[in-house]
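Trainee: okay, here's the prediction I keep looking at, along with the sequence it came from:
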Amino acid sequence: MIQLKSKALSALLILLLFPLLSACSTRELDAFSLVTSLGIDKDEAGYMMTYQVLNPKAVASKKSVNESPFVLYSEKGKDLGEIERRTTTQASRMMYFSHIRTIVIGEDVARDGLKEILDYLTRSHGFRSDYYFIIAKGATANQILSTVTAIDSVSGRKLYDSIENSKDWWAPVNSLKILELVNKINAKGDNPVLAGVELYQKTEDMDSIKGLERSRSVKLKITDLGVFHDDKLIGWLDEKESRAYCNIVGKAKRSVNNVDYDKNTHVTVDLILNKSNIKVSLSDGKPVINVMFSIEMDISTVSGNVDITDKKNQDKLISLMNEKFIDTSKKTLDKAQHELKTDIFGFGESIHRAYPKVWNELKDDWDNEFEELEVDFMFDTKIRDVGLILKPIISEEE
Amino acid sequence: MIFRHRRLYKKKPESTYGPAKADDSDQKNYISDNLDVNIGNIKAEIASSDLIVNLSKSHPDKHIRFACIHIDNLISNQMLSSYSVELGKILVSDESMETENPKELFNLLDNHFSSMRRVSQGSSLEKVLDSLLSGELVLLIDGYDKFLSIDAYSPEGRAVEEPTSQSIVRGPKEGFTERIGINIALIRKRIRDKSLKSENLTIGNRTKTKVTLMYINDLAKQEIIDEIRRRLNAIRIDGILESGYIAELIKDNRYSIFPAFLNSEKPDTVAACLLEGKAAILVDGTPFVLTAPALFVEFFQASEDYYHQFHIATFVRIIRCIAFIFSIFVPSLYIALASFHQEMIPTPLLISMLAAHEGVPFPTAVEVFVMEAVFEILREAGIRMPRIIGQAISIVGALVLGQAAVDAGIISAMIVIIVSVTAISSFAIPNYSMGNAARILRFIFMLITSVFGLFGIFMFTIILLLELCRLKSVGVPYMSPFAPKAKNALKDTILRFPLWKSMTRPEGISTDTSKRVDDKEIVTAKQKKQPEFR
């Protein structure tokens, strides 16, 4: 009986201890600051980090609060871990990184190399792996993040949504998340390409919600793709080249393209299905890349008097479209091979997968081998739909 | 000490539970042939004002005296007057006028009443007392040492009404009453089977409550019935006032929070259980009938499931399971996500949660605990309070506690949503006892989660599942047909297969596991050609 009582008593005491335990591992909702974006710039001391911290009161509260939707904390230091802790002197709450949407990297930092940053980001357990990397083009990361954007006023989230939305509908946009980025840097036959962001409309009050009172308040846009060799930024692809890059690597989902059909007519097509298939074959022991494009398109605009329902005209359109694809692809390939000298298409990895033995001979000198690589383009193009009308609505009398 | 004894089924000395029973050999305990002595003895035993003794003579001229004794209010006035009419008829009959022998008169009365009512005779004083207390009329005749007791038990009671705790849309609306006789009749009128057996038991040294064990002889497994009977017979208690007493005393795992027996107010539910080969335990004085053995899934099934189409029944059962899971896990999951694992919350949701929590003084766990406790108080108050105050309570509950607390910034709006979801979910569990188990589990989960987070939830869930798999109801695994798996019985668990596919009796409970529906003729007719009438 005594034994039973003491057992019950000790169980009760253990239960009473439970609430005391809770303080050690909980993180209450009002004890941390939600970081939406990180900006990394170069500084004399090493790095300057910008933490874009969300102000939930201003973003989600029903009452209208006259406060900025986010707050920036900037701090300088030798490495990122140090800066993170030093920020506590500025911020009242602990920084919470799990919901970071983008990491904006200053162009200088990117040119110097991302190794240290990536080590910090992958090593720290506070980060998830679903944010995008963006390179600030012609501006510092701090400037980019300080911008209050319209509709989604937190620029870190806006950039993420822009990329997510745009990469499904507009071929030239793409970026990488951390795992892909690290894999591409580590792979010998592949190099990363990250989206750039541009501040194209600088105004006095772009870091204030006052700027939102105007209708023309969009100030950030996703632009060219930054090309890397290993972890260092070495150049940019413009819009056409970016489009060609995305087409070749098969990352473009849907997009729009146009061709000059004849002197007075141009046709715009909606690319519904835009796949590519990279195949490797050997000729004389040397690898040859075959890029097979499978394209399905809808007609979206016909500017002249062309009967697009005619099979002959359709065939002509298809061949024009193929030529355009070949043209831009070749130019972009040429730029990568001879100007930038970096295999951003992952051709090396394709060879690695198809002919490991050949790759073993090539891999140590791949950058030079890549310059000589022969690439062929093949097409399987179809017109799926001509739209709701068959002929141009205003047909000219012949 | 009745709640203490560890091994209920081992017989203990009778004296532990109440006064010693009468020793039959004692001469004093037999009624004598002297009426006055007998009445004196009875009055000495039942010294109560509601003991009514009527003395009269068989005939004004003859001197056979007799007494008619009963306890007031156990017998209705209507019953009493019809009895007097009957008695009068006998006394004026020629046979009775002529006789002078008390024994002859006794036999005459016995014969006459036997044809109409349940009549018994005896000679022990103890039996006289028993008869009186269970609402029988006792006739004692001077000069003869036997008594005649006539069943006239007719206390006031509720009529058959619609059950209040288990309401339905479609199906029979009759509910059990507090009178066991009516309850047995309600079951019997549904199953007109010769092998539907009922066994009467009396439990409770002082209450002497009538308990009836019902089962269908050729469907029920004999071992299970024997076990139930053994456990019922082994109960030593001073009183049984509700079937809950029995459920608690004969449960297999006594400390488990899960109900081991299904209780029902509805005769159709009990009839369905009997048809599956289970046993029903009816207790006098309560409309709640126990059925045993009970399985975990049964608590999520309603009789109505079988009255509607199988599609909707399956859908509703899935909803109920979700509700059960919600009612246990929602508050603890919220605590886990909001104070441990914010990385698991989608960003936009987290932002609204942050905005809602801005300026709230308490940690999330405290908020949830307080609001859940307040809800439980409201619920308890709602059950126990006088009906008229109901409206006031609901206004206070909804407006003051819900809206005002949020507006004042004492609790965040999310908590109100969480508590409401939990509350509504807990009412979607068809069985009240299982709902109660979910209530307790919810608080245990909340406590564990506020310390260990999601890890705690998962660990305790595993413990809970192990516990569920360990439980038994009258020796039948509680989690069957899931564990151990019984393929056929799975057709009527969370899913309800159509009757023509699923109707077999659960293995392990019934001896007869053949198909309950024979749809051969319907099917062949269909295959030939469906008639079309236009």
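Mentor: Great, that's in hand.
Trainee: hey, let's count contacts and neighbours off CA atoms from now on
Mentor: OK.
Trainee: give me the secondary structure label for residue B:200.
Mentor: Three-state assignment for residue B:200 (DSSP: H, G, I helix; E, B strand; the rest coil): strand.
Trainee: give me the number of residues near it?
Mentor: Taking other C-alpha atoms under 10 Å in any protein chain shown as the criterion, the count of residues near residue B:200 is 12.
Trainee: same question, the one 10 residues further on
Mentor: For residue B:210, the neighbour count with other C-alpha under 10 Å is 19.
Trainee: check residue B:157 too.
Mentor: 10.
Trainee: that one against residue B:179, yeah?
Mentor: Yes. Using C-alpha atoms under 8 Å, residue B:157 and residue B:179 qualify as a contacting pair, with a distance of 7.4 Å.
Trainee: doesn't residue B:287 fall inside a helix?
Mentor: No. With three-state DSSP as the criterion, residue B:287 is located in coil rather than a helix.
Trainee: am I right that it is in contact with residue B:181?
Mentor: No. Applying C-alpha under 8 Å as the test, residue B:287 and residue B:181 come out as separate, 11.3 Å apart.
Trainee: spell out which parts of chain B neighbour chain A.
Mentor: By the criterion of C-alpha under 8 Å from any C-alpha of the partner chain, the positions of chain B lying close to chain A are B:338-340, B:342-343, B:347, B:351-359, B:363-364, B:450-452.
Trainee: taking these one by one, which sit in helices?
Mentor: For the residues of chain B next to chain A, membership in helices holds for B:338-339, B:347, B:351-357, B:364, B:450-452, with DSSP state H as the criterion.
Trainee: between these, which has the most around it?
Mentor: residue B:450 (31 neighbours).
Trainee: more neighbours, residue B:287 and residue B:181?
Mentor: The neighbour comparison of residue B:287 against residue B:181 (other C-alpha under 10 Å) goes to residue B:287, with 24 against 13.
Trainee: show me what contacts the more buried one?
Mentor: With contacts defined as C-alpha atoms under 8 Å, 6 or more residues apart in numbering or on different chains, residue B:287 is in contact with B:175-179, B:183, B:265.
Trainee: secondary structure class for the residue nearest in space to the middle of chain A?
Mentor: For chain A, the residue sitting closest to the mean C-alpha position, by C-alpha atoms, centre = their mean, is residue A:175 at 1.8 Å. For residue A:175, the secondary structure call by three-state DSSP comes out as coil.
Trainee: ok, then the element right after the lowest-mean-pLDDT helix or strand in chain A?
Mentor: Comparing every helix and strand of chain A by mean pLDDT, DSSP states H and E singles out helix A:2-21 as the least confident one, with a mean of 76. In the C-terminal direction, the helix or strand that comes right after helix A:2-21 (DSSP states H and E) is strand A:32-43.
Trainee: which other residues reach the helix or strand following that following strand?
Mentor: Reading on from strand A:32-43 to the C-terminus, the next helix or strand found by DSSP H and E is strand A:46-54. Residues external to strand A:46-54 that are found in contact with it (C-alpha under 8 Å, 6+ apart): A:33-42, A:69-80, A:83, A:141-142, A:145-146, A:154, A:156.
Trainee: stretch A:327-347 too?
Mentor: Applying C-alpha under 8 Å, 6+ apart, the contact partners of stretch A:327-347 are A:189-193, A:227-229, A:234-235, A:240-241, A:244-245, A:248-249, A:278, A:289, A:367-368, A:370-372.
Trainee: mind running it again at 7 Å?
Mentor: Stretch A:327-347 has contacts (C-alpha atoms under 7 Å, 6 or more residues apart in numbering or on different chains) with A:189-193, A:229, A:234-235, A:241, A:244-245, A:249, A:367, A:370-371.
Trainee: which residues does whichever residue of the stretch 151-300 of chain B sits closest to chain A contact?
Mentor: Nearest residue of the stretch 151-300 of chain B to chain A, counting by C-alpha to the nearest C-alpha: residue B:255, 14.1 Å away. For residue B:255, no residue counts as a contact, taking C-alpha under 7 Å, 6+ apart as the criterion.
Trainee: where in the stretch 1-150 of chain B is pLDDT low?
Mentor: Within the stretch 1-150 of chain B, the stretches falling below the threshold (pLDDT under 70) are B:1-28, B:62.
Trainee: ranges for the strands of it?
Mentor: Assigned strands in the stretch 1-150 of chain B, in chain order: B:51-57, B:65-71, B:119-122, B:136-141, B:147-151 (criterion: DSSP state E, counting those that start in this stretch).
Trainee: what's the most buried one of the ones you listed?
Mentor: Highest mean neighbour count among the strands of the stretch 1-150 of chain B (mean count of other C-alpha atoms under 10 Å in any protein chain shown): strand B:136-141, with a mean of 26.
Trainee: now for that one, which elements pack on it?
Mentor: If contacts are counted by 3 or more C-alpha pairs under 7 Å, 6 or more residues apart in numbering or on different chains; DSSP states H and E, strand B:136-141 sits against strand B:65-71, strand B:147-151.
Trainee: a markdown table for these, including distance to residue B:523?
Mentor: As requested, those are arranged in a markdown table below (distance: least, C-alpha to C-alpha, whole Å):
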| stretch | distance to residue B:523 |
| --- | --- |
| strand B:65-71 | 62 |
| strand B:147-151 | 53 |
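Trainee: could you name every residue contacting both of residue B:157 and residue B:179?
Mentor: With contacts taken as C-alpha under 7 Å, 6+ apart, residue B:157 and residue B:179 have no neighbour in common.
Trainee: domains in the chain, by residue range?
Mentor: All of this refers to chain A. By the record's domain assignment, chain A is partitioned as A:28-237, A:239-398 (automatic domain parsing).
Trainee: try again with chain B
Mentor: As assigned by automatic domain parsing, chain B contains the domains B:31-151, B:180-306, B:311-470.
Trainee: weakest of these by average pLDDT?
Mentor: When those are ranked by mean pLDDT, domain B:31-151 comes last with a mean of 84.
Trainee: that domain: end-to-end distance?
Mentor: Domain B:31-151 has an end-to-end distance of 20 Å (C-alpha to C-alpha, to the nearest Å).
Trainee: relative to the whole chain's centre, how far out is that domain?
Mentor: Here domain B:31-151 shows a centroid-to-chain-centroid distance of 36 Å under the convention C-alpha atoms, centre = their mean, to the nearest Å.
Trainee: check stretch A:112-132 too.
Mentor: Using C-alpha atoms, centre = their mean, the mean C-alpha position of stretch A:112-132 is found 15 Å from that of the whole chain.
Trainee: follow-up on the earlier one: touching, the residue nearest to the centre of chain A and residue A:196? I think so.
Mentor: No. Taking C-alpha atoms under 7 Å as the contact criterion, residue A:175 and residue A:196 are not neighbours in contact, 8.6 Å apart.
Trainee: that older thread, adding neighbour count, write the contacts of residue B:287 out as TSV.
Mentor: Rendered in TSV, the data for those read as follows (neighbours: other C-alpha atoms under 10 Å in any protein chain shown):
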residue	neighbour count
B:175	23
B:176	27
B:177	25
B:178	18
B:179	22
B:183	25
B:265	23
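Trainee: what's the closest of these to residue B:73?
Mentor: Looking at these and their distance to residue B:73, the nearest is residue B:179, at 15.4 Å (C-alpha to C-alpha).
Trainee: ok, that closest one - contacts?
Mentor: Going by C-alpha under 7 Å, 6+ apart, residue B:179 touches B:284-285.
Trainee: flag every buried residue along stretch B:237-246.
Mentor: By neighbour count with 16 or more other C-alpha atoms under 10 Å in any protein chain shown, stretch B:237-246 contains the buried residues B:237, B:240, B:242-244, B:246.
Trainee: out of those residues, list just those in helices.
Mentor: Applying DSSP H to the buried residues of stretch B:237-246, the entries found in helices are B:243-244, B:246.
Trainee: can you show me the helices along the stretch 1-150 of chain B?
Mentor: If you assign secondary structure with DSSP state H, counting those that start in this stretch, the helices in the stretch 1-150 of chain B sit at B:35-45, B:77-92, B:94-98, B:102-114, B:125-133.
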